[in-house]
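> how would this look folded up:
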Amino acid sequence: MNKWKQQKLGDVADIKLSNVDKKTNPNERTIRLCNYTDVYRNSFINSEKASSFMVASCNDKEYEKFLLKKGQVAITKDSETSDDIGIPTYILEDFHDVVLGYHLSLITPDDNKLDGRFLHYFLCTKQSKTYFENNTGGSGQRYSLSLDCIKSIPLNLPDLSTQQKIAAVLSALDTKIELNARINAELESMAKTVFRYQFVENKEKGNWKIGTLGDVAENIRRSANPSDISPETHYIGLEHMPRKSIALAEYGNASELESNKYAFKTGEFLFGKLRPYFHKVGIAPVDGVCSTDILVISPKSPEWYGFVLGHISSDEIIKYADATSGGTKMPRTNWESLAKFEISMPPVELAKQFTDFFVPIAKQIRTNILESQTLTELRDWLLPMLMNGQVRV
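Predicted structure coming up:
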C-alpha cells in the first residue's frame, strides 16, 4: 500500500459529460445509444448487450467525443437519488456505431497510467460510492455530478501491471457469473419453447378439457411475522425479481424486516402481484420469506409442476392479470382472479412428461444461481481488500 501513488482521476484519465439525447434528427449520423439504464444495469457493455440499444442520431462532433471504445468506463452522473450516481460499466470492445447518451459521463483512461477494468472495480467500492454521495450537487428531486467532482475523485494507484492483475482476478469472477446467467437464459428459453409447442400451439387436443389455473395450482399463504425471522433468513422482494425471467438470481437477508411476510420453500413459484405488467415471475432458489406483494404458488400435485409454471410465467396470464387487476396508479392482481384464468388441460400423463423434462432444467438453473451467489459474495469480499492493497495477487 505504501508504494501506491495517490492521484486524482483527472490526472490519469480524460473525462467528458455526454449531451447526446434520444432524438433522431435528419442529416445526422444514425447510431445506437447507450442510455442510463444500459449503464446502470450492466457491469460491462459488449456487442451482445449493445444489440438491443435504442436507435438515435448524433452529429459528427458528438460521434467523435462519445463513441464507445474498449477500455473506457461510463458512469451515471444524474439521478433522483444520490446513491444512484457514479454507477460504472466497463466497455469491453470497440464499437463503430454505439454512442454514450445523456446523463452519463465517459472516462477514457491514460493507457500508460490507468487500467480501465481496475478503474471500473475501484468505482464499485464503498470508498468511491461514499465520495460521490458526499460530493454530489443538487437536492430534492435531482442530484448531479459535476465534471470537476468526477475529476477530483482520489485514487490510490499501484503500478499498471498490478492494476491489471487485480482486475483480472475480479473480472474472472464476473465472467463466470455472466456465463451462468447466459446458460440460465438459454435453458429457460428452451423450456418455454417446448411448453408453448406442447400446450399452447398444439392444435390436436382431442381428449383435453377446458379448466382454470385454480384446478391445478394453489396459493400458499404462510404468514411470517418479524419475531419468526432471523438475520440469516433469505428475503425476496419485487426489487430482487427480474422481468420476464424465471431465474431469480438475487436475494437479500431479512435482518431489518419490520412487517409480516409470506414464507416460501425452495422450488415454489413467486408471482409479483403489484403492477403485474412488469412480468415478475420465478422459481424460489432458496427457502425464505417474501414481500406480501408477491404470491407464493404451488401445483396441487407434482405432475403439474412444469405445466403450472409454464402458464403463470406466460405472456397470456400477465396480460390477463393486468386487465383484471384493481387500482390505477398501483394496480394489483390477486389469487382469486388468477385462479380463474382459463387454460386447456391435457391428460395428466402429458403434463407429467413435461415436468420430467423440465425439473432437471430447473435444478441446473438453481445450481447456477447458487454458484453465482457464492461467486458474487467472494468478489464483494475481495474487492475492497484488493483495491486498497490489503491483499496482493
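> remind me which residues of the stretch 101-250 of the chain are low pLDDT?
In the predicted model of the stretch 101-250 of the chain, residues 139-140 satisfy pLDDT under 70.
> What does the pLDDT read for residue 57?
We have a pLDDT of 95 for residue 57.
> Next one: the closest residue to it other than its chain neighbours from residue 9, what distance?
The shortest distance from residue 57 to any non-neighbouring residue, by C-beta to C-beta, 6 or more residues apart in numbering, is to residue 28 (3.8 Å). Every C-beta, even on glycine, is put in place using the N, C-alpha and C of the backbone. Separation of residue 28 from residue 9 (C-beta to C-beta, to the nearest Å): 31 Å.
> More neighbours: which of those two?
residue 9 (23 against 15; other C-beta atoms under 10 Å).
> List the buried residues in stretch 19-33.
For stretch 19-33, the buried set under the neighbour-count rule, 16 or more other C-beta atoms under 10 Å, comprises 20, 31, 32, 33.
> Adding secondary structure, write those out as a markdown table.
Formatted as a markdown table, the buried residues of stretch 19-33 follow (DSSP: H, G, I helix; E, B strand; the rest coil):
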| residue | secondary structure |
| --- | --- |
| 20 | coil |
| 31 | strand |
| 32 | strand |
| 33 | strand |
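> got those residues as a markdown table, with pLDDT columns?
Below are these laid out as a markdown table (pLDDT from 0 to 100):
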| residue | pLDDT |
| --- | --- |
| 20 | 95 |
| 31 | 96 |
| 32 | 96 |
| 33 | 96 |
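> What is the most widely separated pair among those residues?
Using C-beta to C-beta, these span at most 11.2 Å, a distance reached by 20 and 32.
> shared neighbours of these two, anything?
Common neighbours of residue 20 and residue 32 (criterion: C-beta atoms under 8 Å, 6 or more residues apart in numbering): 56, 99.
> what's in contact with the host helix or strand of residue 282?
Assigned by DSSP states H and E, residue 282 belongs to strand 281-283. Contacting residues not belonging to strand 281-283 are listed as 241-242, 245-248, 267-272, 309, 312-313, 318, 362, 365-366 [C-beta under 8 Å, 6+ apart].
> can you rerun that using 7 Å?
With contact meaning C-beta atoms under 7 Å, 6 or more residues apart in numbering, strand 281-283 is reached by 241, 245-248, 267, 269-272, 309, 312-313, 362.
> What about these, which are in helices?
Secondary structure from DSSP state H places 309, 312, 362 of the contacts of strand 281-283 in helices.
> how many neighbours does residue 134 have?
By other C-beta under 10 Å, 9 other residues sit near residue 134.
> Could you grab the helix/strand/coil label for it?
Classification of residue 134 by three-state DSSP places it in helix.
> Contacts only, for it.
Applying C-beta under 7 Å, 6+ apart, no residues contact residue 134.
> Residue 199: how many residues sit nearby?
Residue 199: 22 neighbours (other C-beta under 10 Å).
> Please report the distance of it from residue 340.
According to C-beta to C-beta, residue 199 stands 18 Å off from residue 340.
> Am I right that residue 205 is in a strand?
No: under three-state DSSP, residue 205 sits outside any strand and is assigned coil.
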